[in-house]
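Visitor: Sequence below, structure please.
(one chain, ligands or ions: 2)
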Amino acid sequence: MKARGSDEYPRSVISLAEARAHVLDRCPGPVVSEVPLAEARGLVTAAPVVATEAVPPFANTAMDGFAVRAADTAVPPVDLGIVGTLPAGVAPDVEVGVGEAIRIMTGAPMPPGADAVVEVERTSVSDDGSVVTVAVEVPVGNHVRSAGDDLRPGDEVVGAGTTLGPGHLGVLASIGVERVVVFRRLRVGVLSTGDELVDGSVPLMAGQIRDANRPALLGLLDEMGVVPVDLGRVADDEAAIAGALLGGVAGCDAVLTSGGVSMGDFDYVKVVLDRIGEMRWMQVAIRPAKPLAFGLVDGVPVFGLPGNPVSSMVSFELFARPALRAMSGHRGLDRPRVEAVVVGELRRRADGKVHFGRVVVEYRDGRYLAWSAGGQGSHQLAAMATATGLAILPDGDGMSDGDEVEVILLG
Ligand code: AMP
Ligand code: MG
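Guide: Ligands and ions are numbered 1, 2, ... in the order given. Here you go, the predicted model:
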């Protein structure tokens, strides 16, 4: 194995904004595709959807009760002859004449002749079931849902650029939409690199650790609604890394690697990316997640994330997630941020970088509170797992109890 000196690579430190812009500028735009409605949740519409039919399609009752002529109830109580029963899903075949009523169930179409519904609670029925006594006067249209009350033909149901949620799936189904024009769901591969890595519960040999980054990154991808593709794990070997990367980009819209982008002698990911793609190796003025390699291999973005588990997750949040959201057609790329009050303290040292502290955030009594989630080392994944936010700690010595801090909300 050939060790490679890191001084062949540019080492000037750039700002988070510059690194992010570099990545976002180079990622391809979203691709339009048509998918079945059942596969569309979380995807972004590429075109508006216009209703071609009315919802509800016909006037129907909002209550169980009796369909009547409102004029017949002018002087209550009034006795009306029951001329039929109308459950939901049944076409009315009897007309409601003067002095008559039809027993009707929620959702059933309004029968001809009737113009109002009296809810069952305001009625009583004779022992033989032939006559209903209505106790109240009701206006025309009482408890009637008119046709097109929700949507009319020609209405825009969802605009272009809408992230389809469960409610959208329901409303689109309500107008008979079976397929939607959206931006394609991405497939994103995850590859771990490192001679020291093993999977599962096998006994660890000297120097070995278990691969934590692949499950975490696959989980982050799954959480954001892209298809995670497990590309496995390769050793610190140029040929193996190149083979896995080329295989990955052939079947994915983007690839994430972890490890091998630092200054070490066996950090081959950046070497390989340099050879097979157009890449840039960046040193970003942040902590954790200082090193980042980013490039296009066969036109597919490859994010060379750092190996330290917290760094790889934070780097994903700051670079990969917004880029993948842009590639999925989302307009908003970032997680929400809140101002929170520090509980305890969030210490750091001055080093010219922005630090992202792993914190627990809670909303209490009208304000957000944030406190340390635990060990802040870039290898301390336990605190990252507990964290619900990343506190943005500008250069300096950190925050004291009661200070206001800006926090990126995770999950
Ligand atoms: P590297 O960026 O390859 O120099 O790795 C930096 C640190 O992260 C080293 O301590 C590695 O052992 C560790 N590391 C790299 N990849 C993983 C992984 N997939 N899971 C857990 N730790 C990792
Ligand atoms: Mg390594």
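
Visitor: Show the backbone phi and psi for Arg321.
Guide: Note on Arg321: backbone dihedrals following degrees, to the nearest 10 are phi -60, psi -50.

Visitor: That one: neighbour count?
Guide: Arg321: 19 surrounding residues under other Cβ atoms under 10 Å. Placement of C-beta: from N, CA and C, glycine included.

Visitor: Which pLDDT does the model give the nearest residue to it once chain neighbours are set aside?
Guide: Distance criterion Cβ to Cβ, 6 or more residues apart in numbering; nearest residue to Arg321, sequence neighbours excluded, is Met224 at 6.3 Å. What the model reports as pLDDT for Met224 is 98.

Visitor: what do you get for the one 5 residues further on?
Guide: Looking at Val229, its pLDDT is 98.

Visitor: Quickly list what it is bridged to.
Guide: Gly189 (DSSP bridges).

Visitor: for Ser258, same thing?
Guide: Counting by DSSP bridges, Ser258 is bridged to Ser192, Leu305.

Visitor: just use 34 as the starting number from now, easier for me
Guide: Okay, using 34 as the starting number, the last item reads as Ser291.

Visitor: That one contacts Ala245, doesn't it?
Guide: No - using Cβ atoms under 8 Å, Ser291 makes no contact with Ala245, being 9.2 Å away.

Visitor: Just want to know which of the two has more residues nearby.
Guide: Neighbour tally, Ser291 and Ala245, criterion other Cβ under 10 Å: the higher count belongs to Ser291, 31 against 20.

Visitor: For that one, list the residues it contacts.
Guide: If you count contacts by Cβ atoms under 8 Å, 6 or more residues apart in numbering, Ser291 has them with Val223, Leu224, Ser225, Thr226, Asn246, Arg247, Leu250, Leu338, Pro339, Gly340, Ser345.

Visitor: filter those by proximity to ligand 1?
Guide: Of the residues in the contacts of Ser291, proximity to ligand 1 by Cβ under 6 Å from any ligand atom holds for Ser225, Asn246, Arg247, Pro339, Gly340.

Visitor: nearest residue to the last one other than its sequence neighbours?
Guide: Nearest-residue entry for Gly340: Gly292, 3.3 Å, with adjacent residues in sequence omitted and distances by Cβ to Cβ, 6+ apart.

Visitor: Per-residue pLDDT of that neighbour, please?
Guide: pLDDT, Gly292: 96.

Visitor: I'd say it and Ala245 touch.
Guide: No - contact criterion Cβ under 8 Å: Gly292 and Ala245 do not qualify, at 11.1 Å.

Visitor: quick one, helices of this protein?
Guide: Here the chain has its helices, by DSSP state H, at 49-59, 199-207, 246-256, 271-284, 302-309, 342-348, 354-360, 414-419.

Visitor: out of the ones you listed, deepest packed?
Guide: For the helices of the chain, the stretch with the most neighbours on average is helix 342-348, a mean of 27; neighbours defined as mean count of other Cβ atoms under 10 Å.

Visitor: Show me the contact partners of that one.
Guide: Taking Cβ under 8 Å, 6+ apart as the rule, helix 342-348 contacts 245-246, 249-250, 253, 291, 319, 321-323, 325, 336, 338-339, 389, 391, 410-414, 416-417, 423.

Visitor: gap between Arg102 and Ile135?
Guide: Computed with Cβ to Cβ, to the nearest Å, the distance linking Arg102 and Ile135 is 11 Å.

Visitor: mind showing which ranges of the protein have poor pLDDT?
Guide: Along the chain, segments meeting pLDDT under 70 span 34-44.
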